[in-house]
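> The sequence and its predicted three-dimensional model are supplied below.
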Amino acid sequence: MNFSSKKRPRKDAWKELQKDLEERERLEEENAAKFARLDALKARTALEDEVDANKTHAYMDIVIGRDMGRDPQLTKGRLIFELFDDIMPRTVEQFVRMLESRTEPTYHGSSISKIFPGYMCQAGDRTTKVEGGVSTGKELVYTRVDQEANWQVPHLNPGVLSLTDSKSSMFNITFRNCEELDGWHAVFGKMVYGFDVLKVISDQGNDNGEPKLPVVVTGGGSVPRGTHPRELLRAMERPKEEDPYKKKVMRYSSTYRHTGLIGH
């Protein structure tokens, strides 16, 4: 047999090479477009210097403390969110509807039931009986979440809104970058104003997530499109500091019998 080290010419070798080069260019273009989309999604939850009044915004009023007695020690504040109605339109529509409504399903009277300081909180709990709460919150309020959610939107910064799950009305608000939540919870908005209130909410938490004081949603609604959200800002109301020299009166109850004179 006659063996030769000389390579045999391949038929249409140039066409195959050209085809491989075109396929490589196509893949590079697809990857570039994919990374551009990811960068755009990351930018959605980034903190912005200026808020666009033409985007969809909503506000939520909260009260921290127990509304008891003649002079309750309450902290009141307002959170303002930008909502991603172009990504999750049904979820955003239902979220705003529940903020505005006073009849079921509604967020009025719901609580922030879990607060992990410096991490995140779970709001919109309508199953916990709180002051002013009148609902059971067992019905499904968000539908088609899996179909419309973009799971690549990240929890990039404090104030990111995402659904706790698709079977309840609860949602998360982050206190920091929470990459560990990415891909597990559908992001549908971010906070643009009210970070001072968010800090106070974070301070109410414990390591086990149980709030030190009740944190209740007392109202909310949508910001008219074209109206800058800063026009709906409200200064946070803090409890007045008690006079350290004021005598505290001991109240009598059936479970505690005082010794001595009341008020001394």
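Now that the structure is in, tell me what you want to look at.
> Quick check, pLDDT for the residue lying closest to residue 221 once chain neighbours are set aside.
Residue nearest to residue 221 in three dimensions, not counting chain neighbours: residue 100, with 4.6 Å by Cβ to Cβ, 6 or more residues apart in numbering. Quick note: C-beta positions are derived from backbone N, CA and C, even for glycine. The model reports residue 100 with a pLDDT of 95.
> Dihedrals phi and psi, residue 100?
phi -80, psi -30 (degrees, to the nearest 10).
> which residues sit in contact with it?
Counting by Cβ atoms under 8 Å, 6 or more residues apart in numbering, residue 100 touches 220, 221, 222.
> swap in residue 112?
62, 121, 122, 123, 125, 201, 211, 215, 216, 217.
> now with 6 Å?
121, 123, 215 (Cβ atoms under 6 Å, 6 or more residues apart in numbering).
> if I look at it, how far off is residue 34?
37 Å (Cβ to Cβ, to the nearest Å).
> same question, residue 226
Relative to residue 34, and taking Cβ to Cβ, residue 226 is found at 34 Å.
> give me the number of residues near the nearest residue in space to residue 155 that is not next to it in sequence?
In this structure, residue 155 finds its nearest non-sequential neighbour in residue 178, 4.0 Å apart by Cβ to Cβ, 6+ apart. Neighbourhood size, residue 178 [other Cβ atoms under 10 Å]: 19.
> start at 59 instead
Got it, the first residue is 59 from now on, which makes the last one we talked about residue 236.
> Phi and psi next, for residue 85.
Backbone phi and psi, for residue 85 under degrees, to the nearest 10, turn out to be phi -60, psi -40.
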